[in-house]
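1. Below are the sequence and a predicted model; questions follow.
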Amino acid sequence: MPADQHILQEALDCVRNLREIGHLSAIVHQLRTLVGAANLAYQALFIPGRVADDRLIAATYSDKWKKLYLSKNYLRTDPIEIAARKASQPVDWRHLRSASKETASFFAEAERHGVGNNGVSIPLVDAQAGRALFSVTSNLEGNDWAAFKARALPLLIQIGKAIQLRTAEIEVQPAARTFRSSALTAKETDYLALYVGGYEIKQIGDMRSVSGTAVRAALNSATEKLDARGPRHAGYLAIALGIIPTSMIMK
């Protein structure tokens, strides 16, 4: 087996062995050694069913950088995350460094705290698993960095996707146990799909020739059956569990 394929197989085995979200950081540290990176960072920007402000982040960065990152509120102004949210392809950090004085300062601080001289972030988007960002950094420069990136990126894309799917599976497992004991009705599934697809309760009522009260009752019932925090959370869980096919939520 070629070296890269061996690395990929070992990395995917590590991810498959993940049983609890709290163990993801340990997995990411193992993967850093495996791929020969300075640092790795996995950040779930959105997982269906997870509260938006409850960030899932697993990174090998130093504690000093993590504390500085939080103290300066970089969660909201991180130029890497801002750029990656708009991108569909990996984002090389060197293209972002000179965007502004603030951006240049951010990267200078990151280097001083051992993040790495170069980095690239991979946007991950999945209809059921949400959105995530998987970043790799290195202290290599010039042609050496280009060679590392060319070799590592195909592996990291697959590893990042595996982490994204596995963490989403773990997040919805409690809801899956609840659902098996209490199935949604056809109306509940229909109204939930429309609601999570962006329609308001009154619009759904008009489309199905029922009252808004009837729609709300069905949404509340679905929410209770899925043990969700609200109708939108229930909708995301239903998508992740395969109860609502993604084709049902396309306007």
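-> Cool, got the structure.
2. Correct me if wrong: Lys225 contacts Leu184.
-> Yes - applying C-beta atoms under 8 Å, one finds Lys225 in contact with Leu184, separated by 6.1 Å. No exception for glycine: its C-beta is placed from N, CA and C like everyone else's.
3. Please tell me how far Gln203 sits from Val136.
-> 44 Å (C-beta to C-beta, to the nearest Å).
4. ok, the two, which is more surrounded?
-> For Gln203 and Val136, the more surrounded residue by other C-beta atoms under 10 Å is Val136, and the numbers stand at 28 against 14.
5. partners of that one in the sheet?
-> Leu40, Val120 (DSSP bridges).
6. That one against Leu156, yeah?
-> Yes - between Val136 and Leu156 there is a contact at 5.6 Å, judged by C-beta under 8 Å.
7. okay, and the common contacts of those two?
-> Val35, Ile122 (C-beta atoms under 8 Å, 6 or more residues apart in numbering).
8. Doesn't Ser88 lie inside a strand?
-> No - Ser88: not assigned to a strand; according to DSSP: H, G, I helix; E, B strand; the rest coil it is coil.
9. Just read off the phi/psi values of it.
-> phi -110, psi -10 (degrees, to the nearest 10).
10. tally of neighbours for it?
-> 8.
11. again, but for His29
-> 15.
12. so where does it fall, helix or strand?
-> helix 24-35 (DSSP states H and E).
13. next one: Val15
-> Assigned by DSSP H and E, Val15 belongs to helix 3-16.
14. any idea of the angle that helix forms with helix 24-35?
-> 170 degrees (axes from the mean of the first three to the mean of the last three C-alpha atoms, to 10 degrees).
15. Which strands and helices lie in contact with helix 3-16?
-> helix 24-35, helix 142-180 (3 or more C-beta pairs under 8 Å, 6 or more residues apart in numbering; DSSP states H and E).
16. between those, which one is nearest to Pro123?
-> helix 142-180 (9.3 Å; C-beta to C-beta).
17. Packing partners of that closest one?
-> helix 3-16, helix 24-35, strand 39-46, strand 118-126, strand 130-138, helix 231-240.
18. Let's have these in CSV, adding mean pLDDT and distance to Ala84.
-> CSV is the format used below for the helices and strands packed on helix 142-180 (pLDDT from 0 to 100; distance: least, C-beta to C-beta, whole Å):
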stretch, mean pLDDT, distance to Ala84
helix 3-16, 89, 21
helix 24-35, 94, 17
strand 39-46, 91, 8
strand 118-126, 93, 5
strand 130-138, 93, 5
helix 231-240, 77, 21
